[in-house]
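S.K.: have a look at this fold, sequence not included:
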């Protein structure tokens with residue numbers, strides 16, 4: 001655009017288009033960075049990243065139109081803008097479909113930790129189990145239907161913390177949480193009350 005196009009005069013700039021297209025580009029770049037930082041590698045991550053990257057480039061071409069004009073006979077800029085945005089939407093849609101299928105599997109695996117609410121702010125950082133407030137809410141909800149509450153404590157955890165350190169005690173708690181989750185029944189829930 002800068003080498004082949006002609007720069008538009010500042011008076012021709014559409015500030016609302018620049019702000020919206022520039023803001024969308026910035027958000028897509030942020031989403032792409034967040035996605036790469038938070039998801040493991042795999043086909044779903046690749047599709048989501050490809051979709052965002054193609055959309056970011058297509059939107060970047062659209063943003064360049066605001067600053068440079070190209071001859072109308074040149075069609076490649078429109079092809080780049082529309083083609084990249086279409087490719088991005090297709091890849092993003094395919095990635096979201098794969099992500100949904102992933103989530104169904106993960107939901108089943110996490111059911112014993114979350115039951116019916118996913119809120120990362122309620123997760124204990126050591127055990128990854130839901131906290132005491134979540135447990136209290138679940139007890140309140142299940143009162144009408146009955147059920148049982150079992151509370152377990154780890155004997156000697158204080159002594160282990162003093163002798164081996166907090167990191168070792170945290171590792172023990174995390175392993176105990178995993179073991180409990182593996183042995184729960186289909187309708188059971190495990191939470192961390194202390195901590």
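M.R.: The structure has been received and is ready for your questions. Keep in mind the model is a prediction, meaning the values are calculated, not measured. Residues are numbered from 1 along each chain as shown.

S.K.: pLDDT below threshold where in this structure?
M.R.: 109-121, 195 (pLDDT under 70).

S.K.: and the helices in this protein, which stretches?
M.R.: Applying DSSP state H to the chain gives helices spanning 15-38, 43-64, 76-114, 132-142, 157-164, 166-182.

S.K.: output the contacting helices and strands for the longest one.
M.R.: Put plainly, it is helix 76-114. With contacts taken as 3 or more C-beta pairs under 8 Å, 6 or more residues apart in numbering; DSSP states H and E, helix 76-114 sits against helix 43-64. Where you see a C-beta, it was placed from the backbone N, CA and C, and this is true even at glycine.

S.K.: distance from the chain centre to the helix it packs on, please.
M.R.: 17 Å (C-alpha atoms, centre = their mean, to the nearest Å).

S.K.: for stretch 77-85, same thing?
M.R.: On C-alpha atoms, centre = their mean, the centre of stretch 77-85 falls 28 Å from that of its chain.

S.K.: in it, what's buried?
M.R.: 77, 80, 81, 84, 85 (16 or more other C-beta atoms under 10 Å).

S.K.: got it, and stretch 171-190?
M.R.: In stretch 171-190, counting by 16+ other C-beta under 10 Å, buried: 172, 173, 174, 176, 177, 180, 181, 189, 190.

S.K.: ok, residue 60 - how many residues close by?
M.R.: 19 (other C-beta atoms under 10 Å).

S.K.: that older thread, and the buried residues of stretch 171-190 as JSON lines, adding distance to residue 40?
M.R.: JSON lines is the format used below for the buried residues of stretch 171-190 (distance: C-beta to C-beta, whole Å):
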{"residue": "172", "distance to residue 40": "26"}
{"residue": "173", "distance to residue 40": "24"}
{"residue": "174", "distance to residue 40": "19"}
{"residue": "176", "distance to residue 40": "25"}
{"residue": "177", "distance to residue 40": "21"}
{"residue": "180", "distance to residue 40": "25"}
{"residue": "181", "distance to residue 40": "20"}
{"residue": "189", "distance to residue 40": "26"}
{"residue": "190", "distance to residue 40": "25"}
